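Chemist: Here is a sequence with its predicted model. Questions after.
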Amino acid sequence: MSPAKDTEPARSRLRAAEHLKRTGDFRHVYRNGNRARGEWMTVAACENGLDRTRLGLSVGRVAWRRAVRRNRVRRIFREAFRLERAALPNGVDLVLIAVPGSAPDLDSARQELVKLANKAWRRYRRKIEERGREASET
RNA sequence: CGAGAGGUCCGGGCGGCCGCCGCGGGGAUUCGUCCCCGGGGAGGAAAGUCCGGGCUCCGCGGGCCAGGGUGGUUGCUAACGAAAACCGGCCGCGAGGCCAGGGAAAGUGCCACAGAGAACAGACCGCCUAAGCGCGGGGCUCGCCCCGCGCCGGCAAGGGUGAAACGGUGCGGUAAGAGCGCACCGCGGCUCCUGGUGACAGGGCCGGCACGGCAAACCCCACCCGGAGAAAGACCAAAUAGGGGAGCAUAUGGCGAUGGCCCGCGUCGGCUCCCGGGUAGGUCGUUCGAGGUCGGGCGCGAGCUCGACCCUAGAGAAAUGGUCGCCGCCCCCCGUUGGGGGGAUACAGAACCCGGCUUACAGGACCUCUCGCACC
RNA sequence: CGGGGCGUGGCGCAGCAUGGCUAGCGCGCUGCAAUGGGGUUGCAGAGGUCGGAGGUUCGAAUCCUCUCGCCCCGA
């Protein structure tokens, strides 16, 4: 099913709670999470032990020298996250790494975010299950 | 009407819906935060970081040197290498534009190629044969004179080379010439005069000219510059490790410390409490300022000054967004009276602040001036 | 925020502190020779606004100023 159509419910996002800010949080996702790559972004997903999903953005300065372009990509990703929150797994930290030089639009970013987030999340769950089995076998 | 010069300003508008970041008020709270209402939320360049300052910390007796910067004058400024007015030079018919624009008689160095000669220069072609010497011819009043050639020489006008050749034009002068002489122009000098705050300008007198260019070559002179930068810096302050102090315990121990043993002391290790430094994290710095807008006064101007009014983003893995509708501006097509359809709407995003500079930019508005043509 | 470096034929580099000689070298490219054909080789040859704009100078790739793009380092 395509992203939930614009039935326009009120969905405010709590910056402080749902936005990754600390270097430690980012490093945790990079080190322990799993990734899925698409046309506009690479999504890294990792369990966070909370009852909500948090968003982290990585938009490199090398990819776009002009700040306007970087802000544009950030805003599109953030808006996509806001609108598609219901279709995303819960209790997960997601880090969106922008593909250098790309120019995503909102609709395709929404579709890709949902697809890649769930893909990365499935990979993470499978990894955890395998580790659990190995641990129980030992 | 055409071509052009200088300058100022703007850089989409309105309204829904869903969101984001501060601020104020109210409410809820498990003190993490959440909800409601009100109001604010990118630029002319916020950019590049090329200059200058404020601010903060560090350093600091003074002087000299090194290093860097600036370079006509006078004003302006917090300050500047920016900008202003003026002076000088160059360019343009003109409005105007451009100029790192001190010193080359303090020293060192460089000036390729061409050319005879390139720095207190030089004679290739060329011009001359007056003086001196020699030869030939002629004349003669036998002293010499005239003509031609050569030697010794003279000259730097003309040709030619070059980016540059020891000033230009004219007249005189001469064997030919040359500032050799003179006039004008240029150049240099002066304890001269006049005007100007001054750079300088105009004039006077003196000098026949002595002084090529390059200091964005080294350099000399004058003036300016302490260093680092908001990750500056100030404060609060975990966990863990370590430091200092006090007390306790020294039942066992190591070391000071011996051939061995005992007592006592110190110290290390143990426990309790206290103190200070730093890290994670947090708060401040952080937005009221050389501040804007309007008006008055002074000044040619940069600018100064007085009064009234205004408060104008403050994030921190970093807000200012998404979407829909209507309109404006520009372009294209159909229709060409009103309309219909399509496209385009730039450059670019605050991170301590301010004064300049530079660069990017769809499109647009306005002011002043110059030249040419036509008409009144 | 602060500091440093690079830009020269299609590619990789030299030349720049001491301005002037033809902007040089390797690879590549084109033509010819050699071969049945190709490679190798040999001989010719083309190709450069010295990133851009001003300035200094008689003369600038070289010196100065501004500017564009790229790369690196420190906190």
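Modeler: Okay, I see it. Values in this document were obtained by computation on a predicted structure and should not be read as measured data.
Chemist: so which helix or strand takes in A:Leu113?
Modeler: helix A:106-137 (DSSP states H and E).
Chemist: residues contacting the residue nearest the centre of chain A?
Modeler: The structure's chain A has its C-alpha centroid closest to A:Leu94; by CA atoms, centre = their mean the separation is 3.4 Å. Contacts for A:Leu94 were tallied using CB atoms under 8 Å, 6 or more residues apart in numbering; they are A:29, A:43-45, A:53-56, A:81, A:88, A:117, A:120. For the C-beta atoms, the positions are set from N, CA and C on the backbone; glycine is no exception.
Chemist: cutoff 10 Å now
Modeler: Counting by CB atoms under 10 Å, 6 or more residues apart in numbering, A:Leu94 touches A:20, A:29, A:33, A:43-46, A:48, A:53-57, A:81, A:88, A:113, A:116-117, A:120-121.
Chemist: what's the helix holding A:Leu113 packed up against?
Modeler: Applying 3 or more CB pairs under 10 Å, 6 or more residues apart in numbering; DSSP states H and E, we find helix A:106-137 packed against helix A:23-32, strand A:34-37, strand A:41-47, helix A:67-83, strand A:92-98.
Chemist: Could you check the angle that helix makes with helix A:67-83?
Modeler: Put simply, helix A:106-137 runs at 60 degrees to helix A:67-83, going by axes from the mean of the first three to the mean of the last three CA atoms, to 10 degrees.
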